[in-house]
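K.L.:
Generate coordinates for the sequence data below:
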Amino acid sequence: MSQTTPHSPSLSRRGALASMLAATAAALPVMASAAPSSEDAALLALCAEFWRAQNHIKTLDEAPAYVFGTAHQKRHEAELSEACNRQWEILEQLVDTPAASQRGQQAKASILQEILPPSFDAFDLRFESVEIQLVMGLLQDVAGGAQI
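P.N.:
Numbers count the residues shown, from 1 in each chain. Below is the predicted model of the structure:
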């Protein structure tokens, strides 16, 4: 966990979420290849981008803590904030990108397995939360749009 998060009120919920989630990112494999050829190519590319961002955030979180208020700490926080914002944008894109294949569904599900458990523990998630919207999108993908 980042040593800077508790000391930086400028980090948003997005930044805090991404920082918190980064601790376990390196243990999960990248779900998409560099040049996917399936019907879920766009989705798999987004998933790969998510994992790259997640790993970058983890690297930033594991960096030695800087003295609060120094130029090094401010640069570190800015880079972390930028990475967290980018990851959030990717999640929002994943909400709108359906998974047409089992591989795409698995890629989305692996991200959900990564982000949901710590999110429920740390944040007041609601139906409107992007994390829950991603779950609902995956469920719609799996159900094929069928309504019971």
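K.L.:
Who are the packing partners of the helix ranked longest in the chain?
P.N.:
Longest helix of the chain, by residue count under DSSP state H: helix 71-95. Of the remaining helices and strands, those touching helix 71-95 by 3 or more CB pairs under 8 Å, 6 or more residues apart in numbering; DSSP states H and E are helix 13-21, helix 41-62, helix 102-122, helix 130-143. (Glycine included, C-beta is placed from N, CA and C.)
K.L.:
Just put those in TSV and tack on mean neighbour count and mean pLDDT.
P.N.:
Shown next, in TSV, are the helices and strands packed on helix 71-95 (neighbours: other CB atoms under 10 Å; pLDDT from 0 to 100):
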stretch	mean neighbour count	mean pLDDT
helix 13-21	21	45
helix 41-62	20	95
helix 102-122	17	81
helix 130-143	16	78
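K.L.:
export those helices to JSON lines and tack on distance to residue 95?
P.N.:
Supplementary listing: the helices and strands packed on helix 71-95 in JSON lines, determined by distance: least, CB to CB, whole Å:
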{"stretch": "helix 13-21", "distance to residue 95": "14"}
{"stretch": "helix 41-62", "distance to residue 95": "10"}
{"stretch": "helix 102-122", "distance to residue 95": "10"}
{"stretch": "helix 130-143", "distance to residue 95": "5"}
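K.L.:
mind checking which of the ones you listed is nearest residue 92?
P.N.:
Among the helices and strands packed on helix 71-95, helix 130-143 comes nearest to residue 92, with 5.8 Å by CB to CB.
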